[in-house]
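**Q** Dropping the sequence and predicted coords here.
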Amino acid sequence: MVSLVITKNREVYMSNATKHWEKTRSLLFITLAIWFIFSIGIFLFAAEMNEVSGPFGYPWTYWFTCQGSLGIFVILCFWFANRQEKIDEEFGFNEREDK
């Protein structure tokens with residue numbers, strides 16, 4: 001449920017949970033876009049990338065499929081968790097006890 005308060009000056013005040021959800025949702029869409037680029041988008045250019053050799057003489061697409069995408073996904077998971085933790089702390093939804 002979205003709770004908005006509109007004042008006489010047409011200012012819109014949103015609840016803390018609504019602001020939290022908007023930031024979380026935008027982070028999710030950014031993460032999904034990065035995931036799409038590195039899982040599907042990069043392979044749309046596979047024919048052009050096969051002409052370039054990657055490490056150890058393998059075609060670039062083979063190397064990127066085996067090593068690059070996996071590394072990007074691991075980095076993406078840690079990046080997402082870190083950004084989500086900062087959003088949670090900003091809006092008071094922190095789960096850590098060591099504060």
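**A** Cool, the structure landed. Numbering: from 1, shown residues only.
**Q** give me the low-pLDDT residue ranges for this protein?
**A** Where the chain drops to pLDDT under 70, the residues are 1-13, 45-47, 49, 54-55, 64, 66, 97-99.
**Q** Trp63 versus Gln84, what's the distance?
**A** 31 Å (C-beta to C-beta, to the nearest Å). The way it works is simple: take the backbone N, C-alpha and C, and place the C-beta from them, glycine included.
**Q** ok, which stretches of the chain are helices?
**A** Using DSSP state H, the helices of the chain run over 16-39, 46-49, 60-63, 69-90.
**Q** Output the ones you listed as a markdown table; include the columns distance to Arg96.
**A** Below are the helices of the chain laid out as a markdown table (distance: least, C-beta to C-beta, whole Å):
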| stretch | distance to Arg96 |
| --- | --- |
| helix 16-39 | 16 |
| helix 46-49 | 42 |
| helix 60-63 | 39 |
| helix 69-90 | 8 |
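**Q** Same list (those) but as JSON lines, adding mean neighbour count.
**A** Converted to JSON lines, these look like this (neighbours: other C-beta atoms under 10 Å):
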{"stretch": "helix 16-39", "mean neighbour count": "14"}
{"stretch": "helix 46-49", "mean neighbour count": "12"}
{"stretch": "helix 60-63", "mean neighbour count": "18"}
{"stretch": "helix 69-90", "mean neighbour count": "14"}
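**Q** The residue nearest in space to the middle of the chain: what's it in contact with?
**A** Centroid-nearest residue in the chain: Thr31, 1.9 Å away (criterion: C-alpha atoms, centre = their mean). The contact partners of Thr31, by C-beta atoms under 8 Å, 6 or more residues apart in numbering, come to Leu76, Trp79, Phe80.
**Q** just those residues now: which is nearest Ser69?
**A** Set against Ser69, the nearest of the contacts of Thr31 by C-beta to C-beta is Leu76 (10.1 Å).
**Q** The closest one against Ala33, yeah?
**A** No - using C-beta atoms under 8 Å, Leu76 makes no contact with Ala33, being 10.8 Å away.
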